[in-house]
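# Kindly return the folded structure for what I paste below:
(chains A and B)
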Amino acid sequence: EAAVTQSPRNKVAVTGGKVTLSCNQTNNHNNMYWYRQDTGHGLRLIHYSYGAGSTEKGDIPDGYKASRPSQENFSLILELATPSQTSVYFCASGDVWGSYEQYFGPGTRLTVL
Amino acid sequence: QQQVRQSPQSLTVWEGETAILNCSYENSAFDYFPWYQQFPGEGPALLISILSVSNKKEDGRFTIFFNKREKKLSLHIADSQPGDSATYFCAASKNNAGAKLTFGGGTRLTVRP
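Numbering: from 1, shown residues only, chains lettered A, B, ... in the order given. Here you go, the predicted structure:
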């Protein structure tokens, strides 16, 4: 069965610190996505990737970087974390054929103090 | 500017009633509209989707009604069950490979027994 996993599931960071959120998918999907979820805003796209070595800016990329070293792994990097980046972050993978369904991971709750 | 809007933000219905969740969008180029269901502590999962060439899509108790002229759609959940209590997200994208999803803010549905 298709699976997207995220680590860590919970993270507390300090302002100005570096945070790396990791995502792994076993779906063999080309596309991967990072979203943040905040009450009232739904899910907003931060970065996405079409395959290993590629990263693209989403709708709210400021303050975030992304890395796609392989088909399976996609990381979100906060070089200088700020309290405004406190949120729940979701990774997803998706195919480029058929239904275009996106498969989401369980999320990472990040608190920046 | 929020391109996909949902209403109401929260909805409570009794078991057995039909819940109606509304969605509207701005971008005329959108032609793929999925609805995602999210339970607390989990990532969203695709529930049902529709393409703009159709005005209705049914899947069991779940039905999407789509009005392209008015840029509106709605999700009807017939015979609502307590297990349907979740947050529902309407999303939209162009129907092509690699297209990004734009999500609405979500509707939190509570079904009371």
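# contacts and neighbour counts: CA atoms only from here.
Noted.
# and whatever residue of chain A ends up closest to chain B, what does it touch?
At 3.9 Å from chain B, A:G42 is the closest residue in chain A, using Cα to the nearest Cα. By Cα atoms under 8 Å, 6 or more residues apart in numbering or on different chains, the residues touching A:G42 are B:89, B:103-106.
# next one: A:K65
A:K65 makes contact with A:47, A:76-79, according to Cα under 8 Å, 6+ apart.
# List only buried entries from those residues.
Neighbour-count burial (16 or more other Cα atoms under 10 Å in any protein chain shown) applied to the contacts of A:K65 gives A:47, A:76-78.
# any chance you could map the strands in chain A?
Secondary structure of chain A (DSSP state E): strands located at A:4-7, A:10-13, A:19-25, A:31-38, A:42-49, A:56-57, A:65-67, A:73-78, A:87-94, A:102-104, A:108-112.
# Need the winner for burial among those.
Among those, strand A:87-94 has the highest mean neighbour count (mean count of other Cα atoms under 10 Å in any protein chain shown), at a mean of 25.
# tell me what that one is packed against?
Counting contacts by 3 or more Cα pairs under 8 Å, 6 or more residues apart in numbering or on different chains; DSSP states H and E, strand A:87-94 packs against strand A:4-7, strand A:31-38, strand A:102-104, strand A:108-112.
# who does the first one pair up with?
According to DSSP bridges, the neighbouring strands of strand A:4-7, each with its direction, are strand A:19-25 (antiparallel).
# export the buried ones among the contacts of A:K65 to CSV and tack on pLDDT?
Formatted as CSV, the buried ones among the contacts of A:K65 follow (pLDDT from 0 to 100):
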residue, pLDDT
A:H47, 97
A:L76, 98
A:I77, 98
A:L78, 97
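# mind listing what the residue of chain B found nearest chain A touches?
Closest contact between chain B and chain A, by Cα to the nearest Cα, is at B:G105 (3.9 Å). The contact partners of B:G105, taken as Cα under 8 Å, 6+ apart, are A:39-43, B:4-6, B:9, B:89.
# so where's chain A uncertain?
Scanning chain A for pLDDT under 70 picks out the ranges A:1-2, A:97-99.
# List, one by one, the residues from it near chain B.
Within chain A, the residues that sit near chain B (Cα under 8 Å from any Cα of the partner chain) are A:31, A:39-45, A:50, A:90, A:96-97, A:100-107.
# mind checking how far B:A78 is from A:A92?
Per Cα to Cα, to the nearest Å, B:A78 is found 29 Å from A:A92.
# what bridges to the most centrally placed residue in chain A?
Closest to where the C-alpha atoms of chain A average out (Cα atoms, centre = their mean) is A:W34, at 2.8 Å. As for beta bridges, A:W34 partners with A:H47, A:C91 under DSSP bridges.
# can you check B:W14 too?
B:W14 forms beta bridges with B:R112, as assigned by DSSP bridges.
# quick one: the strands in chain B?
So, for chain B - with DSSP E - the strands run B:4-7, B:10-14, B:19-25, B:32-38, B:45-51, B:56-59, B:62-67, B:72-77, B:86-92, B:102-103, B:107-112.
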